[in-house]
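A.B. asks: with the sequence up front, the predicted model follows.
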Amino acid sequence: MKKIILPLISMLIVSISLFAYIKINSLKYDYNFKKGNVFLAQKNYSNALKSYKEASSFKNNSDIEDKIKTSAQLIRDEIKYNSAINLMKNKEYDKAIEIFSSISNFEDANNKRQECISLISREKVIEAKNYIDKLNFQQAKIILQNVLSLDSQNTEAKNLMESCDYSIQGQFHESKSKDLLKTIRGVYKLLVDLEYQHVYVYKNNKLIKTMLCSSGMAGYETPEGKFKITDRGNYFYSDKYEEGAYYWVRFHGAYLFHSIPCDKSGNIIQSELDKLGIKASHGCIRLSMEDAKWVYENIPKNISRALIY
């Protein structure tokens, strides 16, 4: 009888011990998990991560793994956030914007990014006004274009851009347009000024639109002369240059009017957008997305001519 009872007692003791061990571990898991949640709510991410890791030592599952990943990401974001705040204090807004844009878990990061955009836009608008006062409308437009690339709804920048366009149109019309228009035929005439990086569009010799552009850089100069506007397309991509563009309109061989270059995924390349207004292309005439679309939709072939000088 004893031979039977003793093993049963031993098994019972082992079972009770195992149950107690599991129960204690479960309680420790729950305690550390809840403690981690409290720290997370308090935005104390380091202690939250520590508590979750402690909980995982007692029980591991998908919930605790997600909490550990979230806490670790929040710690990284907090470091980046504080770094960006310091850059803001030092007025290094461009760098701060880049960092704030990379933070996904902080609600305030986007607000701070917008604040940086407002601050840098305000500085650039003041800089543009100084150039306007000096009648350097071309340089003012380059700066304002940069403002609008950051904040497309900036009303002051839009109004100043329009004012610069009118001023440039007036200067251009008085000095060059009459003689140049006589040299080419066509209902629509596109005069491309390589010196000032502008395209002036005329219909029946009446100016209807002015556009900022970027022509060919050194070694890739845009050909000068008189050209007929021909075929067009919605999009192309060049493996050679690893760039594509929207709304292309041909004026001579492989030379086109088209949008700011985009990557293989069709996204505008910001660094190329920033160059609008200076010579930067491989020979084509780059325009903003809006202006390229306008040319694509409004300048017909055969009855349109381009004069590039």
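C.D. replies: Good, I have the coordinates.

A.B. asks: next, count neighbours for residue 28.
C.D. replies: 15 (other Cβ atoms under 10 Å). To be clear about C-beta, it is placed using only N, CA and C from the backbone, and glycine gets the same treatment.

A.B. asks: got the contact list for it?
C.D. replies: 55, 58 (Cβ atoms under 8 Å, 6 or more residues apart in numbering).

A.B. asks: that one looks like it's in a strand, true?
C.D. replies: No: counting by DSSP: H, G, I helix; E, B strand; the rest coil, residue 28 falls outside a strand, being helix.

A.B. asks: for residue 42, see how far away it is.
C.D. replies: Distance, residue 28 to residue 42, by Cβ to Cβ, to the nearest Å: 21 Å.

A.B. asks: check residue 300 too.
C.D. replies: 65 Å.

A.B. asks: could I get the pLDDT score of residue 3?
C.D. replies: Reported pLDDT at residue 3 in the predicted model: 57.

A.B. asks: one more: residue 137?
C.D. replies: For residue 137, pLDDT reads 89.

A.B. asks: what of the one 4 residues further on?
C.D. replies: In this prediction, residue 141 carries a pLDDT score of 91.

A.B. asks: where's residue 85, which helix or strand?
C.D. replies: helix 62-89 (DSSP states H and E).

A.B. asks: can you check residue 249 too?
C.D. replies: strand 243-252.

A.B. asks: and that strand, what does it pack against?
C.D. replies: strand 225-228, strand 232-238, strand 255-259, helix 289-298 (3 or more Cβ pairs under 8 Å, 6 or more residues apart in numbering; DSSP states H and E).

A.B. asks: closest one to residue 139 among those?
C.D. replies: helix 289-298 (19.1 Å; Cβ to Cβ).

A.B. asks: chain center to that closest one: distance?
C.D. replies: Chain-centre distance of helix 289-298: 21 Å, with Cα atoms, centre = their mean, to the nearest Å.

A.B. asks: buried stuff in that helix?
C.D. replies: 289, 291, 292, 294, 295, 296 (16 or more other Cβ atoms under 10 Å).

A.B. asks: try stretch 42-54
C.D. replies: 45, 48, 49, 50, 51, 52, 53, 54.

A.B. asks: contacts for it, please.
C.D. replies: 32-33, 35-37, 39-40, 64, 67-68, 71-72, 74-75, 78.

A.B. asks: now with 6 Å, please.
C.D. replies: For stretch 42-54, contacts defined as Cβ atoms under 6 Å, 6 or more residues apart in numbering pick out 32, 35-36, 39-40, 64, 67-68, 71-72, 74-75, 78.

A.B. asks: for ChimeraX, what selects the buried ones among these?
C.D. replies: Buried residues among those (16+ other Cβ under 10 Å), as a ChimeraX selection:
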select :32,35,36,39,40,64,67,68,71,72,74,78
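
A.B. asks: check which helices and strands the helix holding residue 85 sits against.
C.D. replies: helix 45-56, helix 93-101 (3 or more Cβ pairs under 6 Å, 6 or more residues apart in numbering; DSSP states H and E).

A.B. asks: quick one, that helix and helix 93-101 angle?
C.D. replies: 170 degrees (axes from the mean of the first three to the mean of the last three Cα atoms, to 10 degrees).

A.B. asks: any idea of the mean pLDDT in helix 62-89?
C.D. replies: 90.
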